[in-house]
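Novice: The sequence isn't on hand, but the structure is:
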């Protein structure tokens with residue numbers, strides 16, 4: 001009976017592991033050094049706690065079977081044992097040793113990640129959490145973007161880690177991209193730091209992991225790990241003023257005539273607001289509303305006309321624009337690449 005239960009538990013754990021390891025938000029498919037260290041310690045903890053579960057569960061099953069009531073029992077109370085130094089020492093020393101081992105192993109991983117030397121080739125990024133979106137600044141590159149973070153891929157021969165400084169503009173947020181790094185909080189008036197060295201190009205998704213208000217669940221983020229050529233091309237594009245098609249001049253005029261310019265920045269225009277995301281290269285992003293919807297013309301029109309229809313509780317207000325104004329502003333924003 002015990003062996004069958006262990007086999008079933010192991011099969012279930014293997015199935016669950018297979019399901020989680022295939023997702024883009026699983027700690028069981030690490031893609032950088034910090035996440036791989038977290039993965040290793042998680043397996044170590046799972047092995048120890050799994051062993052404890054099997055031993056304790058096995059003893060319970062054995063005791064229930066061995067000392068079950070039998071038909072020929074006379075109903076008398078069995079002999080009682082009062083006190084056992086060996087048992088008391090074992091159930092004190094073994095848990096203490098287990099906790100010490102787990103503590104030391106975890107502390108080693110924490111200090112190894114926190115004390116990792118910063119190479120000269122590292123990319124520096126400042127992340128600022130807002131209700132309910134992300135602002136990313138690249139100080140050395142003079143780039144500001146939102147919700148979609150681009151970083152270069154690194155190799156053992158050419159490491160390109162990304163070192164991030166994180167803070168909040170309002171309440172407590174938490175930056176978490178499971179396959180690249182551990183979770184870290186963004187606190188007002190405080191700078192926290194993390195780093196990651198993604199070694200495989202691709203898209204990695206994450207989100208705010210700290211309840212921060214009504215739309216916490218839709219405060220999503222994307223990390224694009226680019227090849228060196230892709231990252232260089234992205235940097236060159238972002239460093240330019242957003243391409244603005246002259247045919248969208250009416251939409252630009254509408255944008256600058258409304259309260260939009262009080263919250264958003266578009267380089268080369270009169271819009272210099274700091275409350276909302278920088279829209280200079282808005283059309284180059286794959287999503288809008290911090291990942292709540294794909295960046296399509298239809299979704300953008302809905303977002304401008306009525307933000308609550310896509311992200312209820314968003315701090316972006318409805319401007320009560322006419323359908324024609326919404327179409328003109330949408331057409332203008334779609335030129336900002």
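Specialist: Good, I have the coordinates. Note that this is a predicted model, so its numbers are computed, not measured.
Novice: Residues in contact with stretch 314-326: which ones?
Specialist: For stretch 314-326, the surrounding residues in contact (C-beta atoms under 8 Å, 6 or more residues apart in numbering) are 131-132, 215, 254, 258-260, 263, 276, 289, 301, 303-308, 329. Quick note: C-beta positions are derived from backbone N, CA and C, even for glycine.
Novice: wait, residue 139 sits on residue 123?
Specialist: No: Residue 139 is beyond contact range of residue 123, at 10.3 Å (criterion: C-beta atoms under 8 Å).
Novice: neighbour count winner among these two?
Specialist: For residue 139 versus residue 123, neighbours defined as other C-beta atoms under 10 Å are more numerous around residue 123 (20 against 11).
Novice: Look at that one and report its pLDDT.
Specialist: pLDDT recorded at residue 123 is 95.
Novice: How about it: which residues does it bridge to?
Specialist: residue 162 (DSSP bridges).
Novice: residues touching it, list them.
Specialist: Neighbouring residues of residue 123 by C-beta under 8 Å, 6+ apart: 138, 151-152, 160-163.
Novice: one step back: buried subset of the contacts of stretch 314-326?
Specialist: Taking 16 or more other C-beta atoms under 10 Å as the criterion, what is buried in the contacts of stretch 314-326 is 131-132, 215, 254, 260, 263, 276, 289, 301, 303-305, 307, 329.
Novice: Tabulate these (JSON lines), appending distance to residue 113.
Specialist: Shown next, in JSON lines, are the buried ones among the contacts of stretch 314-326 (distance: C-beta to C-beta, whole Å):
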{"residue": "131", "distance to residue 113": "29"}
{"residue": "132", "distance to residue 113": "28"}
{"residue": "215", "distance to residue 113": "30"}
{"residue": "254", "distance to residue 113": "49"}
{"residue": "260", "distance to residue 113": "41"}
{"residue": "263", "distance to residue 113": "37"}
{"residue": "276", "distance to residue 113": "33"}
{"residue": "289", "distance to residue 113": "32"}
{"residue": "301", "distance to residue 113": "44"}
{"residue": "303", "distance to residue 113": "38"}
{"residue": "304", "distance to residue 113": "42"}
{"residue": "305", "distance to residue 113": "45"}
{"residue": "307", "distance to residue 113": "38"}
{"residue": "329", "distance to residue 113": "45"}
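Novice: quick one: which of the residues you listed is nearest residue 39?
Specialist: Nearest to residue 39 among these is residue 132, at 29.0 Å by C-beta to C-beta.
Novice: How is the chain partitioned into domains?
Specialist: Taking automatic domain parsing as the criterion, the chain consists of the domains 2-68+83-114, 123-222, 246-333.
Novice: got any ranges where the chain has weak pLDDT?
Specialist: Filtered on pLDDT under 70, the chain yields the residue ranges 1-23, 242-247.
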